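Trainee: Provided below are the primary sequence and the corresponding predicted coordinates.
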Amino acid sequence: MTANTRSDESGIDLDDIGTNPTANPSFTDLIASRLSRRHLFGLGVGTAGTALLQACGGGGGGGTSFPILPPAPAPAPPAPTPAPPAQQAPLKLNFNAVAKSLDDVVTVPAGYTASVLYRLGDPIAAGVPAYANDGTDAPATYDRRAGDHHDGMTFFGINASNKWDPAGASRGLLVMNHEAITPLFLHPAGQTVVGGVRTVADEVLREFYLHGVSVIEVNKVGNTWTYKQDSSLNRRVHTLTEMTFSGPAAKTDYLKTKYSTDGSKTRGTLNNCANGTTPWGTYLTCEENWAGYFRRIKANDDPKRSAKEIASFNRYGVASNGRELWATVTPDTADNLYGRWNTEVIGATATDDFRNGHNTYGWVVEIDPFTPASTPKKRTALGRFGHEGACLGPVVVGKPLVWYMGDDSQNEYLYKFVSTKAWDAADIGGGIAAGDKYMDDGKLYVARFNADGTGNWLELKLGVNNITSGYAKYAFADAADVVINARHAADAAGATKMDRPEWTAVNPKNGEVYLTLTNNSARPVGGTDAANPRSYNDPRNGIAQKGNPNGHIVRFADAGGNPAAVTFTWDCYLFGARSSASADVNLSALGADNDFSSPDGMWFSEAAPGLLWLETDDGKYTDVTNCMLLAALPGKVGDGAAKTITNVDGGTTATQATFVGKAPGTDGLRRFLVGPKDCEITGIAESGDGRALFVNIQHPGEGTSDIKAPISHWPDGGTSRPRSATVVITKNDGGLIGV
């Protein structure tokens, strides 16, 4: 997501500056394994032959102590993991690469058609008028309109009985996140702010509704996809929707507010970024940059807070007037519609105000799209942080379920949750009740990547891995404290800081997991490590862009092909770069047809197993091209080689050993789509037969400063205000997309 979607009222982008003050060891400080890397990769990761994979989209645990040693020499080249049994002819990318572009259009390859399906403000209930797109639409209708900033997305095929049918090819529920808003385009002349205060309550009400999630029925008639405005299954979930808590933090003092005096529920979800699914047929929406919405002026509030509370606020970045100034609306309503965004101490106790309001956000939220009246549930066992997504791993009857999750901020971590209960296929279609069974009890882990290409999953549990009441930076009290302050727990355990860990995706061919690392401006030369190995300067329009501005993708294989394993092996699959960059920056040897920057969204096709879609959220290469979607055919962990690269910034030079995956070439990676001006490409799903690809175009023209002169007019054209929208891409001959 671009910087100005994440900024608070002072213009500070917490993703760019981060809130991780720890000095957790970098990989070059960790001892090399006594096992050779070749032997480790020779152990393999197993195959997915016995697994059903619902796409998103051996050794000891985390108590090991690593002495600090000098940097190790470059490791031996890795050996590829064993290939799974041949089951079909190898996939081939069957389209000509789309050229880079700065035009205000969506460009797809010849032989494909991209059609606009669902735009900001589109009505999803009978009787709601078409969107005027000029700020005059009645605020009371916005709970039945498309939200803004379309993001993570899943297609649920449905049959004639309105039940889930994963193979559904012509009718389904499209469920998508609405991450944030572009305020300038939502009101007649942007937000009305007088003296730092929002003075028009109806404007804020619009904004409340435009966050959250859409559930819409979509249908294919002939070759055309449309959404059904009057479907009984359509639904909006937003910041006013009541939700309950489950898991270790539910009904604890940490979640008590004036709205819920027993800590059992809250109102709403927001900043919903990437997503996830469950094998029983529900949708997971993930709360990412929630912290910036809350008002907390430190000078006012710190004197009323304990040292622990202040440490928690600081670690999550809750310290501003609120990015949309929602808490400033006066007078408030009887149910504190606006005041609930003020997380300062005001009343006598926690049940007299919203001092704990911030703790009610930052979770993975489960929604049953097939039951419109159902209450969403925030699953606290999966931890509280800046959730980018929750990608379901291999699903095998009799084995635990696993979800992989990135924490999207600079120098944050990669997590996974492993259920206690083993999967029982009888729970398919079980709705929220099935979620109670699998998502409320399990083990939460954070990743440590070692310099030799191995890794450890460190359990986040009271009493292990330094997560104790004696931890100097945060004294943990109980299990609820651990999940609510998962970032502090990960710090204590010694997790590895990553270059903005975002989407995760699981390769259905071999069960390996991919993680996008969008960029990191704070990665200095000399401060790199094996899995975050680059630090360089990539000027844009003559302005320096230092650190790792173009991002990369790491992949890993849990030991033995077991997602519940506590060790893994890894390498760097792909590096973003300008094709003209030096060999120590353009490590994947990208050319004009596949160079890119800032990977973000990522998803493996289910209809064409092994086909990976990559989406960009870029502000670093946009002097050359708008954001894009690329198709990839990745290999496997260890298919490349060990490499020592030289990082240079001015007069500073340092070397870094790492593992670089096989260069993809244009046979393994090429550009499929380029979006309109000033947008992000994010959110992706396909119909059950793989012959329709749904892609979200987020915040076109977002950098506009003058409402009379928008940077973009997409998708409506003319002089219209731009609108986030979903496009559906089909192949003119009716074939599978991309291959």
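Mentor: Thanks, I have the structure now.

Trainee: When you work out contacts or count neighbours from here on, use the C-alpha atoms and nothing else.
Mentor: OK.

Trainee: tally of neighbours for the closest residue to W326 other than its chain neighbours?
Mentor: Nearest residue to W326, sequence neighbours excluded (Cα to Cα, 6 or more residues apart in numbering): Y338, at 5.9 Å. Y338: 21 surrounding residues under other Cα atoms under 10 Å.

Trainee: With T653 instead?
Mentor: T653 has 13 nearby residues by other Cα under 10 Å.

Trainee: Run through the bridge partners of it.
Mentor: V648 (DSSP bridges).

Trainee: still on that earlier bit, and the residue nearest to W326, how far is that from T504?
Mentor: 34 Å (Cα to Cα, to the nearest Å).

Trainee: and what of G435?
Mentor: 21 Å.

Trainee: and if you look at M602?
Mentor: Applying Cα to Cα to M602 and T504 gives a distance of 7 Å.

Trainee: One more: E324?
Mentor: 29 Å.

Trainee: likewise V345?
Mentor: 37 Å.

Trainee: From S115, how far out is L517?
Mentor: 30 Å.

Trainee: re the thing from before, out of V345 and T504, which sits in the busier spot?
Mentor: More neighbours surround T504 than the other of V345 and T504, with 34 against 20 (other Cα under 10 Å).

Trainee: Need the nearest residue in space to that one, chain neighbours excluded.
Mentor: Computed as Cα to Cα, 6+ apart, the closest residue to T504 that is not its neighbour in sequence is L515, at 4.6 Å.

Trainee: for that neighbour, helix, strand, or coil?
Mentor: Secondary structure for L515, judged by DSSP: H, G, I helix; E, B strand; the rest coil, is strand.

Trainee: Next, count neighbours for it.
Mentor: 27.

Trainee: just checking, it touches V554?
Mentor: Yes. With contacts defined as Cα atoms under 8 Å, L515 counts as touching V554 at a distance of 5.3 Å.

Trainee: Spell out the residue ranges of the helices in the protein.
Mentor: 14-17, 37-42, 201-210, 298-301, 307-316, 431-439, 479-484, 486-493, 665-668 (DSSP state H).

Trainee: nearest to R144, of those?
Mentor: R144 sits nearest to helix 201-210 of all the helices of the chain, at 8.7 Å, using Cα to Cα.

Trainee: helices or strands next to that closest one in the packing?
Mentor: Contacting helix 201-210 under the criterion 3 or more Cα pairs under 8 Å, 6 or more residues apart in numbering; DSSP states H and E is no other helix or strand.

Trainee: gap between the residue lying closest to S214 once chain neighbours are set aside and D122?
Mentor: Leaving aside its sequence neighbours, S214 sits nearest to R236 (Cα to Cα, 6+ apart; 4.8 Å). Separation of R236 from D122 (Cα to Cα): 12 Å.

Trainee: just R723 next, same as before
Mentor: With Cα to Cα as the criterion, R723 and D122 are 10 Å apart.

Trainee: Could you check which of these two has the larger neighbour count?
Mentor: R723 (28 against 22).

Trainee: distance of N485 from W570?
Mentor: 27 Å.

Trainee: what's the answer for G591, then?
Mentor: Distance from G591 to W570, by Cα to Cα: 25 Å.

Trainee: between these two, who's got more neighbours?
Mentor: W570 (28 against 17).

Trainee: Check the contact between the more buried one and D639; I expect there is one.
Mentor: No. Applying Cα under 8 Å as the test, W570 and D639 come out as separate, 10.8 Å apart.

Trainee: So for D617, what's the pLDDT?
Mentor: Per-residue pLDDT puts D617 at 97.

Trainee: got it, and the one 4 residues further on?
Mentor: Looking at Y621, its pLDDT stands at 95.

Trainee: ok, which stretches of the stretch 401-550 of the chain are strands?
Mentor: 410-412, 414-422, 442-449, 454-459, 498-499, 501-506, 513-517, 536-537, 546-547 (DSSP state E, counting those that start in this stretch).

Trainee: and the fourth one, what does it pack onto?
Mentor: Taking 3+ Cα pairs under 8 Å, 6+ apart as the contact definition, the neighbouring helices and strands of strand 454-459 are strand 442-449, strand 567-575.
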